[in-house]
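Asker: below is the sequence, then the predicted model.
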Amino acid sequence: MQLQNIFAVLIAGASLVAAAPAASQSRNLNYLEARAAQACDQGWDFCGECNGTSCKVAGINHGCNVGSCTKQSGAGDGAHCGTHGSLAQGPYECPGNRG
């Protein structure tokens, strides 16, 4: 009888542990959806921040096709940049002058 009780407790505990990642994944998905719903500057479809000489969007650095991200050009790290095109291909618009 005691063996059955121990087995039942182990099975119940395993089912709780298995359900935990789903709740965590749901929270992460909700966070990402909320971030995606935020409006970008300049009406860009995808936006990010200048990171050195590139525009960093979704953790990936993209080269600036228009403007520049350097501090010397008037932009610098943290300035907003983005694209009206596709996330993968851009073209990416950066706030500084190529001067």
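Answerer: Nice, thanks for sending it over. Residues are numbered from 1 along each chain as shown.
Asker: residue 72 should be in a helix, yeah?
Answerer: Yes - secondary structure assignment places residue 72 in a helix (DSSP: H, G, I helix; E, B strand; the rest coil).
Asker: from residue 65, how far out is the residue lying closest to residue 46 once chain neighbours are set aside?
Answerer: Leaving out its chain neighbours, the residue that sits closest to residue 46 by Cβ to Cβ, 6 or more residues apart in numbering is residue 87, at 4.8 Å. Glycine gets a C-beta too; all of them are placed from N, C-alpha and C. For residue 87, the distance to residue 65 equals 14 Å [Cβ to Cβ, to the nearest Å].
Asker: coming back round to it: residues touching the residue nearest to residue 46, list them.
Answerer: Counting by Cβ atoms under 8 Å, 6 or more residues apart in numbering, residue 87 touches 45, 46, 57, 58.
Asker: can you lay out those as CSV showing distance to residue 71 and neighbour count?
Answerer: Shown next, in CSV, are the contacts of residue 87 (distance: Cβ to Cβ, whole Å; neighbours: other Cβ atoms under 10 Å):
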residue, distance to residue 71, neighbour count
45, 26, 11
46, 23, 20
57, 19, 22
58, 23, 12
